[in-house]
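1. Dropping a prediction and its sequence here:
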Amino acid sequence: MTKYIQRNLETNINEFLTIFPVTAILGPRQCGKSTLARKIVASFPDAVFLDLEDATDRQKLSDPKLFFEINRGKLVCIDEIQLTPNIFTVLRRIIDERGENGQLLVLGSASRDLIRQSSESLAGRIGYLELTPFLVPEVPQYEISDIWLRGGFPRSLLASSERASFIWRTNFIQTYLERDIPSLGFAIPAQTLKRLWTMIAHSSGSILNSSKLGSSLGVSHTTLRKYIDLLSQTFMVRLLEPLEANVKKRLVKSPKIYIRDSGILHTLLDIENRNDLLGNPIFGNSWESFVVEQIITKFPDWKPTFYRTAAGSEMDLVLSRGNRRIGIE
């Protein structure tokens with residue numbers, strides 16, 4: 001049995017459960033949301049856990065009002081909530097009738113923008129937290145070079161060998177393209193999205209050139225941005241916006257784009273082991289992508305941007321909060 005690894009977000013979740021009727025943990029598939037939620041739920045007497053990928057659990061919510069009446073006073077955790085987004089309208093009435101905090105813990109593999117019903121129906125009643133794959137401080141028993149190569153997805157990092165890790169990530173990518181995206185209601189050919197994802201991997205850490213990518217993919221600029229937004233809202237890529245500063249210099253206005261998990265980046269580029277990585281031209285950009293993601297995730301209350309002038313002066317990452325600003329190069 002694999003030992004449970006403490007997640008930094010655990011304290012935040014317990015705090016949110018005392019503040020909001022509904023707490024949502026959002027993040028990519030297989031990043032550890034269910035494991036973390038079960039750990040949280042275990043500390044609540046008689047708590048109920050539902051996985052909406054399970055037909056039996058979905059059936060339990062066929063009459064939501066009856067289900068929540070039977071489980072009144074208990075913490076209910078619902079996993080993969082994006083599979084039944086229409087339930088939020090019903091939940092609002094039930095939550096307001098009970099008038100208590102800590103009623104619901106919901107898990108989703110899509111951003112709040114993709115689960116729009118939650119923000120519309122539960123405004124003021126729901127708090128959002130994002131769980132990412134493992135951060136370096138969460139797994140001190142692993143060398144940073146291993147986390148960089150394999151990425152932070154638990155089954156990838158904890159795999160018995162570099163080969164086993166690479167095979168898991170290859171299957172993760174295939175499942176994401178062939179099952180996860182269609183389950184969200186998007187009819188995008190898997191090969192098209194895979195090509196785009198791979199092209200982004202080749203330029204991870206670079207300025208996004210939508211026209212060039214769209215031309216290479218054979219789609220319009222508008223369609224390309226829809227595809228990129230989908231990858232972003234399912235936590236696969238990060239768009240880092242440029243700093244808007246009141247300076248006389250002309251600043252770059254396009255965002256930088258990153259593959260968020262370094263292990264997924266390496267798999268898309270067929271980089272299986274350390275020697276492959278050391279000999280690949282993406283080496284430097286891969287390291288930048290890894291470090292930027294670690295920093296941004298560690299400081300979620302700071303707004304991340306980058307600074308670059310048309311003349312080429314740049315700062316890889318700028319964190320802003322109020323009137324404070326930190327530049328990282």
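-> The structure has been received and is ready for your questions. Residues are numbered from 1 along each chain as shown.

2. Next, the contact list for residue 96, please.
-> Residues in contact with residue 96 (C-beta atoms under 8 Å, 6 or more residues apart in numbering) are residue 125. (C-beta placed from N, C-alpha, C; glycine too.)

3. before we move on, which element is it in?
-> If you go by DSSP states H and E, residue 96 is part of helix 87-98.

4. And that helix, what's buried?
-> Across helix 87-98, burial judged by 16 or more other C-beta atoms under 10 Å covers 87, 88, 90, 91, 92, 94, 95.

5. Can you tell me what sits against whichever helix or strand comes after that helix?
-> Where DSSP H and E defines the elements, the next helix or strand beyond helix 87-98 is strand 104-108. Residues from elsewhere that reach strand 104-108, judged by C-beta under 8 Å, 6+ apart: 13, 17, 21-26, 33-34, 37, 40-41, 75-82, 91, 95, 115, 118.

6. Over to stretch 154-163?
-> Stretch 154-163 has contacts (C-beta under 8 Å, 6+ apart) with 2, 5, 30-32, 35, 133-134, 139, 142, 146-147, 149-151, 165, 168-169, 172, 263, 272-274.

7. gap between that stretch and the chain center?
-> Distance of stretch 154-163 from the chain centroid (C-alpha atoms, centre = their mean, to the nearest Å) equals 20 Å.

8. looking only at pLDDT, what's the mean for that stretch?
-> In this model, stretch 154-163 has a mean pLDDT of 96.

9. The longest strand seen in the chain pairs with which strands, parallel or anti?
-> Secondary structure of the chain per DSSP state E: the longest strand is strand 314-321. Sheet pairing of strand 314-321 (DSSP bridges) gives strand 303-308 (antiparallel), strand 324-328 (antiparallel).

10. if you compare the ones you listed, which one is most tucked away?
-> Sort these by mean neighbour count, taking mean count of other C-beta atoms under 10 Å, and strand 303-308 sits at the top with a mean of 19.

11. what's the spacing between that one and its chain's center?
-> Its chain's C-alpha centre and that of strand 303-308 lie 20 Å apart, by C-alpha atoms, centre = their mean.

12. any idea of the mean pLDDT in that strand?
-> Averaging pLDDT along strand 303-308 yields 92.

13. How about the contacts made by the closest residue to residue 172 other than its chain neighbours?
-> Using C-beta to C-beta, 6 or more residues apart in numbering and skipping the chain neighbours, the partner closest in space to residue 172 is residue 30 (6.3 Å). Residue 30 is in contact with 153, 154, 155, 172, counting by C-beta under 8 Å, 6+ apart.

14. My read is that the first one contacts residue 131, right?
-> No - contact status for residue 153 versus residue 131: not in contact, 11.5 Å apart, counting by C-beta atoms under 8 Å.
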